[in-house]
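**Q** Fold the stuff below for me.
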Amino acid sequence: MLLEKERRMYKDWLDRWRVFFDPVFADELLNHEFDIDLDLIREMLSQNHVGCRADWAKMFMFPVWLARTWSLYVLDIDHKKILVMDPMETMSGNMKLKHEESAKLFLKGFCWCVNNICHGGLVGSLGWTFSYNTGMHPPCSRENSGIYIVHYLRDYNGLYIRTLTNGELEYLRKKLAYEIVAMRGNKGDFPDFMYLEILE
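**A** Numbering: from 1, shown residues only. Predicted coordinates for the structure are as follows:
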């Protein structure tokens, strides 16, 4: 859904500052280290899939499903930096403990894929720094982690992210539910209550 919105916003621009990836990408690198589906990764890195030249982007954003909750790994190519954002560990020193091994494994797989599939500039796996973004907001529940990841994907500009109020969090949850039901290609019927909302 977010990829589709990004595609519509940029139209045919091939040069973008960031690229969103499907959670399947991170799952493939983290859970199939020695048996990566190269055809799947090649498709996910392709211009047809992401809507731009992935090898021209400065920042890559990957939703990660880890320990039954959502996190976001943000790779800044120019600064060789990985930012880990975990909405459940925002006030805890446990974020590094939870993510360090996975983030390193992810980076190793990502660099290999970009260098061997995209044939863009060489992306080395050495010299990267890892940051764990704490103090953004109070820790959220497991159920809200996905909503926060959508917020991070939409609002993180490479430097800052604003804090959601409880009202904004609830609004975002409802908006996402509506957009999923109403998105192009969804063959299901609108629930009756949505017709009333649309008419009002």
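**Q** Confirm that S131 lies within a helix, as I assumed.
**A** No - using DSSP: H, G, I helix; E, B strand; the rest coil, the assignment for S131 is strand, not a helix.
**Q** measure K81 to E33 for me?
**A** In this view, K81 and E33 are 23 Å apart by C-beta to C-beta, to the nearest Å. Just so you know, the C-beta spots here come from the backbone N, C-alpha and C atoms, and that holds for glycine as well.
**Q** So which bits of the longest helix along the chain are buried?
**A** Assignment by DSSP state H gives helix 94-113 as the longest helix of the chain. Across helix 94-113, burial judged by 16 or more other C-beta atoms under 10 Å covers M95, K96, K98, H99, S102, A103, F106, L107, G109, F110, C111, C113.
**Q** Kindly report the same for stretch 57-77.
**A** Within stretch 57-77, the residues that count as buried by 16+ other C-beta under 10 Å are 57, 59-66, 69-77.
**Q** go on, stretch 163-181?
**A** Quick answer for stretch 163-181 (16+ other C-beta under 10 Å): L164, L169, L172, L176.
**Q** Over it, what's the mean pLDDT, rounded is fine.
**A** Per-residue pLDDT values across stretch 163-181 average out to 86.
**Q** Run the chain-centre distance for it.
**A** Its chain's average C-alpha position is 17 Å from that of stretch 163-181, according to C-alpha atoms, centre = their mean, to the nearest Å.
**Q** again, but for stretch 73-93
**A** Stretch 73-93 has its C-alpha centroid displaced from the chain centroid by 11 Å (C-alpha atoms, centre = their mean).
**Q** Tell me which residues of it come out buried.
**A** Neighbour counts using 16+ other C-beta under 10 Å place 73-77, 82-90 of stretch 73-93 among the buried residues.
**Q** what's the farthest-apart pair in those?
**A** Maximum pairwise distance among the buried residues of stretch 73-93 (C-beta to C-beta): 27.0 Å, between I77 and M88.
**Q** Columns pLDDT on top of the buried residues of stretch 73-93, output as a markdown table?
**A** Listed next are those as a markdown table, based on pLDDT from 0 to 100:
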| residue | pLDDT |
| --- | --- |
| Y73 | 97 |
| V74 | 96 |
| L75 | 94 |
| D76 | 92 |
| I77 | 85 |
| I82 | 96 |
| L83 | 95 |
| V84 | 96 |
| M85 | 94 |
| D86 | 96 |
| P87 | 94 |
| M88 | 94 |
| E89 | 91 |
| T90 | 86 |
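**Q** Show me these that map onto strands.
**A** Of the positions in the buried residues of stretch 73-93, Y73, V74, L75, D76, I82, L83, V84, M85 sit in strands, assigned by DSSP state E.
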